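J.: just the structure for this:
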Amino acid sequence: MKEKMTVMNRWMDEAIAEGGDAVQEHLQAVARIIGGQVAQLSEPADMPKLLTTTIEEMGKGVTAGMLMQHGHAGILDVRMFSVGRK
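T.: Residues are numbered from 1 along each chain as shown. Have a look, this model is predicted:
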C-alpha cells in the first residue's frame, strides 16, 4: 500500500507543479479510474454497496487529510442515499 500511495502522491505533485486546471483534471481522472475498478470488481447487484463503501473510505481520507494538512480535527460524514441507472 505504501508504494501505491507514493505513486499517487507523485501524480498529485506533478499536477500541482503543472498548475492551472491540472489538479482538478488529476482528481477527475483518479475518480474515473476508481469508478472503473469498482465496476470491474462487482456484480451489478452489488454495485450500490461497494460504491457506498468506497465513498465512505474517501470521506475517511478527507478527514485524515484535513487533520494532517490543515490541522482541522473532525469527521467528514459522507453518505450516499441513492444510486440510479439510466
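J.: keeping just the C-alphas, turn the helix or strand encompassing residue 31 into CSV.
T.: Using DSSP states H and E, residue 31 sits in helix 22-41. C-alpha atoms of helix 22-41 as CSV (Å, rounded to 0.1, in the frame of the first residue of the first chain):
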residue,chain,number,x,y,z
ALA,A,22,-4.1,20.1,-13.8
VAL,A,23,-5.0,19.3,-10.2
GLN,A,24,-8.8,19.2,-10.9
GLU,A,25,-8.1,17.1,-14.0
HIS,A,26,-5.9,14.7,-11.9
LEU,A,27,-8.7,14.2,-9.3
GLN,A,28,-11.3,13.6,-12.0
ALA,A,29,-9.0,11.1,-13.7
VAL,A,30,-8.4,9.3,-10.4
ALA,A,31,-12.2,9.3,-9.7
ARG,A,32,-12.8,7.7,-13.1
ILE,A,33,-10.1,5.1,-12.6
ILE,A,34,-11.6,4.2,-9.2
GLY,A,35,-15.1,4.0,-10.7
GLY,A,36,-13.9,1.7,-13.4
GLN,A,37,-12.2,-0.5,-10.8
VAL,A,38,-15.4,-0.6,-8.7
ALA,A,39,-17.4,-1.7,-11.7
GLN,A,40,-14.8,-4.3,-12.7
LEU,A,41,-14.8,-5.9,-9.2
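J.: next structured bit after it?
T.: helix 47-70.
J.: give me the low-pLDDT residue ranges for the protein?
T.: Applying pLDDT under 70 to the chain flags residues 83-86.
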